[in-house]
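# pasting the structure only:
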Ligand SMILES: NC(=O)c1ccc[n+]([C@@H]2O[C@H](COP(=O)([O-])OP(=O)(O)OC[C@H]3O[C@@H](n4cnc5c(N)ncnc54)[C@H](OP(=O)(O)O)[C@@H]3O)[C@@H](O)[C@H]2O)c1
């Protein structure tokens, strides 16, 4: 897919990976709607800030109504409450599902007609290595990313007839606010944004951005015993 000349919309574009994605698309010649809960927090030059809270259906509908010609949609907005499924606040568990699963779904539903009207169109959902493996201390986030992965697989089939390609990006820790507490190795989100846009351009259905994601994906065939050896 040619990026130059296309119109793109990135959710959560005011900071973190979303800001890098918006910049990368802008630098490759796309017109970019930088969607954010607070559009005044978008500090990137040369993009069009727009209000969009993925958990607010009215906000999603308004964003779809106030944009045109969107051919590339990147669902990047994400929460990370660190809620445990067993002991965490259920409101936090719901927030993870509302953001990653229902929010992404709501945005895709709202923008599907605009995407269908383009000669070629693409959706990229920012998933995680945690779509494939769960940690007890962030079980709610992992469940939400897993649900978003399943959504990605279903919708790529439903949207294929209208010519919209749907892909998912799997990545481990990146150096953003979300992983501020993490001391282990983190990817540079600018590098991940480049890989992501390369993947859209290449029409990849799945973008595996780092070694940990490749290892865990390969480990899926080994089942619970392979992924959770501590339970043996
Ligand atoms: N960082 C990692 O290690 C990592 C690893 C794998 C996958 N990911 C995924 O990568 C994506 C980007 O995360 P990040 O690392 O860039 O996180 P981040 O720095 O914490 O940024 C999160 C972004 O999402 C926005 N957001 C949160 N809730 C929203 C909502 N309801 N509506 C609209 N925007 C909302 C935030 O906006 P505000 O400024 O308004 O809060 C912010 O722009 C997420 O989907 C995340 O799950 C991250």
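In hand now; what should we look at? This is a predicted model, so every value here is computed, not measured.
# Contact partners for the residue most central in space within the chain?
Central residue of the chain (Cα atoms, centre = their mean): residue 126, 2.3 Å from the mean position. Residue 126 is in contact with 17, 74-76, 78, 168-169, 171, 196, counting by Cβ atoms under 8 Å, 6 or more residues apart in numbering. Where C-beta positions appear, they are placed from N, C-alpha and C, glycine not excepted.
# Distance to residue 207, pLDDT and neighbour count added to those, as CSV?
Output for these, formatted as CSV (distance: Cβ to Cβ, whole Å; pLDDT from 0 to 100; neighbours: other Cβ atoms under 10 Å):
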residue, distance to residue 207, pLDDT, neighbour count
17, 13, 98, 26
74, 11, 99, 30
75, 13, 99, 29
76, 13, 99, 25
78, 16, 98, 25
168, 7, 98, 25
169, 4, 99, 26
171, 8, 98, 22
196, 6, 98, 26
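# what residues does the chain put near the ligand?
Within the chain, the positions near the ligand by Cβ under 6 Å from any ligand atom are 11-12, 14-18, 36-38, 52-55, 76-79, 99, 103, 126, 128, 171, 173-174, 176-179.
# from those residues, which would you call buried?
11-12, 14-18, 36-37, 52-55, 76-79, 99, 103, 126, 128, 171, 173-174, 176, 178-179 (16 or more other Cβ atoms under 10 Å).
# in terms of contact, does residue 60 touch residue 52 like I think?
Yes: using Cβ atoms under 8 Å, residue 60 is in contact with residue 52, at 6.5 Å.
# Return every residue with contacts to both of these two.
By Cβ under 8 Å, 6+ apart, the residues touching both residue 60 and residue 52 are residue 107.
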